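Visitor: Next come a sequence and a model predicted from it.
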Amino acid sequence: MKRLAAWIIQFRLPLLVGIVLLTVFFAYQLTKLKIDSDILNYLPQNDPVVVLFREVGEKFGGNSLAMVALETDDVFNPRTLTRIDSITIRFQDLPEISQVLSLTDILDIKKIPDGIEVGKLIPKGHIPQDIEELDKLREYTLSKDMYSGSLVSDDGRIALIIARVREGTSKTEVAGAMKDIVLSTEGEETIYYAGIPFQMVFLTDIITSDLGRLIPLVSLLVVLVLFLSFHSLRGVFLPLGTVLISTIWVLGLMGWMGIDLTIVTAAIPILLIAIGSAYGIHLFSAYLENNGSNKDKLDHIQQSTADIALPIIFAGVTTLVGFLAFIFSYLTMMKMFGVFASLGVLLAMTLSLIFIPVALAYLPARKPKINAKGQQINWVTRLMITLANLILAHEKLIIFGGVLVLIAAVFTIPRLNREVNMVEYFKHDSEIRQAEDMMEKSFGGAIPVQILVSGDIKDPLILKQMFNFEKYLRSLPDINDPQSVADLVAELNEQMNGRRTIPDTREGVANLWVFIEGNKVMDQLVADNDARAMIQAKIGTVSTTRIIAMVDSINQHLATDVPRDLFKLELATLPESIRSEVQRWRINDVADMIILDAKYRGNGHLDTNRVLSVLKMVDSPEVQQLSPLQLKKINQTIAAYFQSEASDLPVDSDFIIKDVISGLKPLFVDSTPNEAGIDSVLRQRIPASMYADDPEAVEYAAFALQSILHEGRRQAIVDYLTHRIVEITFDMPETALSAFQKDIQGDIWTLVEDYTGLPPDKFSSTGAVGLADHERVELTTLQTGMPIIFKNLDLSILKSQVLSLTVAFTLIFLLLAFRFRSFTGGLIALAPITTTILCNFIFMSILGVPLDTVSVLIGSVAVGIGIDYTIHFLTRFQKEFQAGRSEQEALRVTLETTGKAILINAASVMMGFLVLVLGNIVPMQRFGYLIAATMVTSALGAITLLPALILVTKARFIGEFDRVAGKMMRQMNGFKTFVEKNHNVNKRPIVLEDHHENCTCKNEERD
Amino acid sequence: MLVRRGSILVSILLLAGITYTVSAVEPVQILQAVEDTLNAPKDRELTMTMQLIDKAGDIKTRELTILQKGPDKRLIRFLSPADVRGVGFLVLEDDLMYLYMPAFAKVRRIASHVKNENFMGTDFTYDDMAQSDYIENYNPTLREETEQNYILELVPKPESEIDYGRLVMWANKETMLPDKVEFYTRSGQLLKIMTQTNAKRIDGYLTPQHIEMENVQDKHKTIMDLKNVVHDQNIPDKHFTQRYLKRF
């Protein structure tokens, strides 16, 4: 150390110039430092879950929705609608935005008697002005699931504008431009901004403003502590300068390397300033203490530096180890924190040893000042004496207290909450939090759960699986509005064919698909040439625990209830025994769907057995034989066909139509006739003159009628069964009943379909496996999206916590064992800090502070900083004890000197961290007060539990407890120590203890 | 009648191009000539392959026939892929369209008030499909004249319901067909580029064999290659009915 100190003094000029130059260089690099608020970048980019999430994001544009909400008493008023319209139009003008949806720009598809009407909900440039029109618009919009709860809240108070940001563009820039647009429009509506792009903007803003506010504050605090300690300008500016320079270097280096600040690494400057000043304080006070001698100024600096270097390095290394433990973390942002925070500590430590001596060398020597703090310290001293007596009297009680902490920890730690949702990082009254709360309350949430389906998406069997899976999804408590292409197909099928279900043939699906192909919404639902599809739903909770439970139950359902293979069968071709088995399976399946629908629509208690008994009637003659009423309906359809323009064989005579119907009736009353049968009825009953000019007309008409009859019969049966199910459904809210009816009508259609898909187990159990020809359809499902990232994040936080603490404890144990040359010594020295960590978890559990990306850091940071107190204490205690004092005396001396210094040191670090409470990021606030608490507990632990343990265990590393010599020896040693003390005053590791010399002497005298 | 007037105009304009300076040619006349060339045949039956290419480069291929008679009668029918074979659209007047779905043996009326939506997965909007009425909807100005082209800038007339901000058209001096049209949004950004190449004279009418429409913002592309075209067959009106829509 001496050589190091000499070297520093010798090369003081180049060192000073080097420090200045590097500081200027890194200060310039600071300008390149950016804030990265994309939570996805915080994760390792090669993690399969992240890779999939990004891929899906690119293909389906999943994570790029930016939403603006306008709230007023009733959004259906001309001013608000006009404002929405102008924002929508201007959003569309932004090249980075690919699509905008809002009340004033959304396709509206209505069913009309013989087809559909496609228009805009509000036609362009025709915002309704009069009250009647507005009322009509409100009523219509709120009645449709597609708008209500999606584009406008159910109560009509909040309207949403949803913009999709193109991949590969800067989300924060676009969100900024969008905000400017919104602010440039006039209106009295309350505005909310939601979605990941806006969250990123807010997060960046909040980090920037927190840094701008907290860095000066914590610096000011350090100035205060320094001034109170040293009462001199250099005493303030040298230690402060050291930490500021090291902070500039670290952040400058990050800027230079292009490493962005994250929500976690943003804490580094505050952390460094709060803890890094200690090294400067140690050095400067060592310099002050030695100032009495009449040595040459440089010699004096060199001497002080040499004396204090080792304790400083030891304190620095333990802290550094605490931070370094995070490089083993799964999360990139925590790794970065580990690297740069420990680098910062290393720099602060090194610069204290270099910069302060070098600077002092260039400053004029000062006369030692008589310290005026005697009065102030006295009460602390008195406190320490009382404390020492207490410990001596109750050492077992103290250890019992430690054991109590251990027991409390066992009970409270498992109850620790975990939190990974970024939204939870913001205060409840913050803009972003309010927006998210609003989204959750009025629009069912903003974060989507996503399930990627791979396979031939146009295959009806796959679409049906998707459709049914959505029924499961929406029956879950925290999930809202599932959406997929299967929905669109079912919806379109309802509009075109009157049933909300997936058509059972590939042609049926493809025919409908033509109509939605190329629609912008399809970009979010299918990709890869229709080989992949996405099922999305909104999550109505921000609670990590609930989100993870949801992720797990979805994965469970995907694994057990969604088959990977399906065997396609045409029922008509099956032998009767197999057919009835297949039908039995279908009935069970449909019953499950009906129960799910009932659960979703508001009745969880529909009796499964009763449902089954209704469905089982489907093939019975009672149901297959149509009633007169059902026949009448089909007759009307036939008549309408002959009279329509689309008729292949127009017949304008009612008489002939009636005749044809009566000819057809026997054919379709209990089964569907074939085309040939219909053809011959037509030829018999319709005069040839009616199709003389178009001989093909009869064939086309027979084909059309066959389809009409087939569909009409099936519709009649389904309607009958639907009606019977509704009869046994009780307590269904009136408002939900018609939707429920539509749902189950779609479910029951499955029972009358010509084709079906069997999962492998049913395929073999029904005996269908023996059939010669069958088609196999494969599908795979995979959950992706933010929730599963949350789950991974949560797991990795847990892992990080365990790993970082293990690493920190192991390394520090090794350091301590080495330092005290004792295994037991290492273990005993760990006791106070272990208690501190346990206390921290107990506090977290009691205060409801969750384990999150920031609070996970507390343990290792506390170990790194808090262990210093133990080291200080033990070093002194050992020294006093080995100097021949009794353990009681040694304790008294140590407490009155080092103990006091420990409390002052802990108090100043605590103050530094408490500044974080003034910030705006909730986890940082919690980090601030929890670290402050660990400073209290680790300091207290070091001065109470530690001595108690030593007194009880009489650990040998401290010295020989069973010394034979007794009092004589003790007195002799005491004298020796006294002499040594006064000659080796410089060898003390503790430096804040300005008065310990006096204290020791006093005690000595008292003895 | 239309045919003759169109070709006369073309020749006059061609002469004019040789004899007079740019300013002497009225942009409206050029546009009229283009429109006349496009609308020259009485009726037309086309068979083509159509490729839809998305930003990932995935290609979907379709084969279809189009029957067209006058400005208000158009029938589009899919021939392949197999699962949409026979799906047909009958486009009559402005808002009236019928869709036939053979899988359900049903004709459905589609009353669409939205003209700026893409037509069935292509990059053409319903408006683009009925694009031959330039004169009615746009005010043209001549931006530039090159050796091969008149470059016209078309700005929608205030009363028209065109959703584009403007079009820039490269009208080929020789064929009087647009070689290229750029479509701009109302805020002035380039949205789509249409190019027509390889025009051949078939039945006396110049017909481009290859048409591409690229949406530069979505990076999506539609390519149409003409396989067969027959003009002036006197297609009867009854072929443009719901009844015939079902026959394929």
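Guide: That came in fine, so what should we check first?

Visitor: As a check, name the ranges of all strands in chain A.
Guide: With strands called from DSSP state E, chain A shows them at A:65-71, A:97-101, A:107-112, A:115-120, A:158-165, A:190-194, A:448-455, A:479-483, A:526-527, A:532-539, A:565-570, A:755-758, A:775-785.

Visitor: Mind jotting down where the helices sit in chain B?
Guide: Secondary structure of chain B (DSSP state H): helices located at B:2-19, B:27-38, B:126-129, B:134-137, B:242-245.

Visitor: Which of those helices comes out lowest on mean pLDDT?
Guide: The minimum mean pLDDT among the helices of chain B belongs to helix B:2-19 (a mean of 46).

Visitor: thinking again about what came up before, quick one: closest of the strands of chain A to chain B.
Guide: Closest of those to chain B is strand A:115-120, at 3.2 Å (criterion: CB to the nearest CB). Where you see a C-beta, it was placed from the backbone N, CA and C, and this is true even at glycine.

Visitor: Would the closest one count as contacting chain B?
Guide: Yes - interface with chain B: strand A:115-120 contributes A:115, A:116, A:117, A:118, A:119, A:120 (CB under 8 Å from any CB of the partner chain).

Visitor: Adjacent strands (with direction) for that strand?
Guide: When pairing is defined by DSSP bridges, strand A:115-120 lines up against strand A:107-112 (antiparallel), strand B:106-112 (parallel).

Visitor: Now tell me what touches the first one from outside.
Guide: Strand A:107-112 is touched from outside by A:116-121, A:494-495, A:519, B:109, B:111, B:114, B:117, with contacts defined as CB atoms under 8 Å, 6 or more residues apart in numbering or on different chains.

Visitor: Residue 41: neighbouring residues, count only.
Guide: Chain wasn't specified; assuming chain A. When neighbours are counted by other CB atoms under 10 Å in any protein chain shown, residue A:41 registers 13.

Visitor: you looked at the wrong chain, it should be chain B
Guide: Neighbour count of residue B:41, defined by other CB under 10 Å: 21.

Visitor: Save the residues of strand A:115-120 next to chain B as a markdown table, and put in neighbour count too.
Guide: Formatted as a markdown table, those follow (neighbours: other CB atoms under 10 Å in any protein chain shown):
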| residue | neighbour count |
| --- | --- |
| A:115 | 19 |
| A:116 | 18 |
| A:117 | 16 |
| A:118 | 19 |
| A:119 | 15 |
| A:120 | 17 |
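
Visitor: Output stretch A:859-873 in CSV with nothing but the alpha carbons.
Guide: The C-alpha trace of stretch A:859-873 is given here as CSV (Å, rounded to 0.1, in the frame of the first residue of the first chain):
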residue,chain,number,x,y,z
GLY,A,859,-30.7,-8.1,-1.1
SER,A,860,-27.3,-8.1,-2.8
VAL,A,861,-27.0,-4.3,-2.5
ALA,A,862,-27.7,-4.5,1.2
VAL,A,863,-25.2,-7.4,1.7
GLY,A,864,-22.6,-5.4,-0.2
ILE,A,865,-23.0,-2.2,1.8
GLY,A,866,-24.2,-3.6,5.1
ILE,A,867,-21.3,-6.1,5.5
ASP,A,868,-19.0,-3.1,5.9
TYR,A,869,-20.4,-2.4,9.3
THR,A,870,-19.8,-6.0,10.4
ILE,A,871,-16.2,-5.8,9.2
HIS,A,872,-15.6,-2.5,10.9
PHE,A,873,-17.1,-3.8,14.1
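
Visitor: So what's the model's average confidence on that stretch?
Guide: Mean predicted confidence for stretch A:859-873 is 87.

Visitor: same deal with stretch A:317-333?
Guide: Per-region confidence: stretch A:317-333 scores 85 on mean pLDDT.

Visitor: distance between it and the chain's centre?
Guide: Counting by CA atoms, centre = their mean, to the nearest Å, stretch A:317-333 is centred 22 Å from the centre of its parent chain.

Visitor: Could you work out the end-to-end span of it for me?
Guide: In stretch A:317-333, first residue to last residue: 22 Å (CA to CA, to the nearest Å).

Visitor: For residue B:231, list the residues it contacts.
Guide: B:41, B:42, B:43, B:44, B:202, B:203, B:204, B:205 are the contacts of residue B:231 under CB under 8 Å, 6+ apart.

Visitor: With adjacent residues omitted, what lies nearest to the residue of the stretch 151-300 of chain A found nearest chain B?
Guide: Closest approach between the stretch 151-300 of chain A and chain B, counting by CB to the nearest CB: residue A:166, at 8.4 Å. Take residue A:166 and drop its neighbours on the chain: the residue closest to it by CB to CB, 6 or more residues apart in numbering or on different chains is residue A:98, 5.0 Å away.
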